[in-house]
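**Q** Sequence isn't available, so here's the structure alone:
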C-alpha cells in the first residue's frame with residue numbers, strides 16, 4: 001500500500017478571513033458594525049474587484065489588538081491602511097503571501113513590536129511602506145533589496161538598530177526606485193549611508209553617517225580571574241600553577257590543577273601547595289573580576305579572605321578546600 005498523505009487544510013474564504021479580522025480587533029466605536037452577512041464587498045472600509053478584496057482601509061478607527069496572519073489569504077490585496085490605531089503584536093511573516101499584489105502598506109502610529117520580517121522581500125511591486133511611530137526593533141533586512149518598485153519607506157521613530165544594507169542601493173536587485181527613506185529617531189542606527197543615497201535618507205537623531213561603535217569586550221570569566229591570581233603569585237616552588245595558562249583557559253575544568261567544576265562552571269579550588277606566596281595588592285588590581293564572580297553566583301570567599309589580610313606579605317594556602 002502507498003503512504004497515506006495527511007490532508008491539506010482548506011484555505012479559508014475571504015469572508016472567513018474578514019470575520020477573523022473583526023474578531024481579533026477591539027472596536028469600541030463600532031467602526032466595523034456593517035461587517036455582517038456574507039456580502040463583504042458591500043462592507044464599509046472594504047473595496048473589491050469582482051469578489052476579490054483589493055483594499056482594506058482601517059485607518060483612524062480606534063481599533064486595538066493584533067492583525068492576524070490569516071490576512072495572507074487575501075491574495076489580491078493591493079492596499080492595507082491601519083494607521084493611527086492601537087494595533088499591537090508583531091508583523092506577520094506570513095503576509096509574504098501577498099507577493100506582487102501589494103502596493104501600499106500603512107501601519108504607522110500604532111504599538112507594533114518585534115522585528116521587520118525578511119520574508120516580505122516578495123513584495124516586489126510595493127511602492128509605499130509606512131511603519132513609523134511604532135516600537136519595532138532589530139535591523140533592516142537585506143532581503144528587502146528586492147523592493148525594486150518602492151519609492152517611499154518610512155521607518156522613523158522606532159527602535160531599529162544597525163546599518164542600512166548597502167545591497168539596498170547597489171545589489172541585484174536593488175531599490176532603484178526609492179526616493180525617500182525615513183529613519184529619524186532610531187537612535188541605535190549607525191554606519192555609512194549607502195552609495196548615492198545621501199539625498200534620499202532622512203536620519204536626524206541617529207548615528208547614520210558615522211562609524212558604529214566597537215562592541216564592548218566580553219565580560220571577564222572566572223578562569224581569567226584565576227589567571228590574575230596566578231600572575232600575583234610571587235613564589236610557587238612546586239609549580240602548582242604550571243597548568244594554568246591562557247592557552248588552556250577554555251578547558252580549565254579538565255586541565256587546570258586544583259580546579260573543580262559543576263556543569264561547566266568553576267565552583268571550587270583545592271590549593272594544596274602550602275608554600276604559595278601572593279603579591280600585595282592583588283585584590284585591588286582584580287576588583288573588576290569580583291563582579292563577574294557575583295554574576296556567576298560564585299562566592300567571593302577567597303577574595304574576601306584576601307581582603308581581610310590585605311593580601312600583603314605571605315598569603316599561604318593550606319590543603320583545606322576553599323569554595324568559590
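**A** Structure received. This structure is a prediction, so every number in the text was calculated from the model and none was measured.
**Q** in the chain, what spans have low per-residue confidence?
**A** Flagging of the chain using pLDDT under 70 yields the residue ranges 1-9, 271-324.
**Q** Report the central residue of it.
**A** residue 138 (4.7 Å; C-alpha atoms, centre = their mean).
**Q** residue contacts, that one?
**A** 114, 115, 116, 160, 161, 162 (C-beta atoms under 8 Å, 6 or more residues apart in numbering). Bear in mind the C-beta positions are built from the backbone N, C-alpha and C, glycine included.
**Q** Need the three-state assignment for the third one.
**A** The local conformation at residue 116, judged by DSSP: H, G, I helix; E, B strand; the rest coil, is coil.
**Q** And it, how close does it get to residue 124?
**A** Distance, residue 116 to residue 124, by C-beta to C-beta, to the nearest Å: 16 Å.
**Q** Those two: which is more packed in?
**A** residue 116 (20 against 14; other C-beta atoms under 10 Å).
**Q** and residue 211, how far is that from residue 163?
**A** 10 Å.
**Q** same question, residue 115
**A** Applying C-beta to C-beta to residue 115 and residue 163 gives a distance of 15 Å.
**Q** and what of residue 27?
**A** Counting by C-beta to C-beta, the separation of residue 27 from residue 163 is 40 Å.
**Q** Residue 173 sits in which helix or strand?
**A** In the assignment (DSSP states H and E), residue 173 maps to no helix and no strand.
**Q** who's in contact with it?
**A** 124, 145, 146, 148.
**Q** What of residue 122?
**A** Counting by C-beta under 8 Å, 6+ apart, residue 122 has contacts 96, 97, 98, 99, 100, 146.
**Q** of these, closest to residue 133?
**A** Nearest to residue 133 among the contacts of residue 122 is residue 98, at 22.8 Å by C-beta to C-beta.
**Q** Might you report the residue contacts of that closest one?
**A** Counting by C-beta under 8 Å, 6+ apart, residue 98 touches 72, 74, 75, 77, 122, 123.
**Q** Just to be sure, it is in a helix?
**A** Yes - under three-state DSSP, residue 98 falls within a helix.
**Q** how near is it to residue 265?
**A** Counting by C-beta to C-beta, the gap from residue 98 to residue 265 is 49 Å.
**Q** Ok, residue 33 next?
**A** Residue 33 is 60 Å from residue 265, by C-beta to C-beta.
**Q** Residue 25 too?
**A** Residue 25 is 48 Å from residue 265, by C-beta to C-beta.
**Q** higher neighbour count, these two?
**A** Applying other C-beta under 10 Å to residue 25 and residue 265 shows that residue 25 carries more neighbours, namely 21 against 13.
**Q** That one reaches residue 64, doesn't it?
**A** Yes - here residue 25 lies in contact with residue 64, judged by C-beta atoms under 8 Å, at a distance of 6.8 Å.
**Q** Tell me how the protein divides into domains.
**A** With domains defined by automatic domain parsing, the chain comprises 14-208, 222-323.
**Q** Same list (those) but as JSON lines, adding distance to residue 216.
**A** Output for those, formatted as JSON lines (distance: least, C-beta to C-beta, whole Å):
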{"stretch": "domain 14-208", "distance to residue 216": "14"}
{"stretch": "domain 222-323", "distance to residue 216": "13"}
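**Q** Please consider this matter closed, and thank you.
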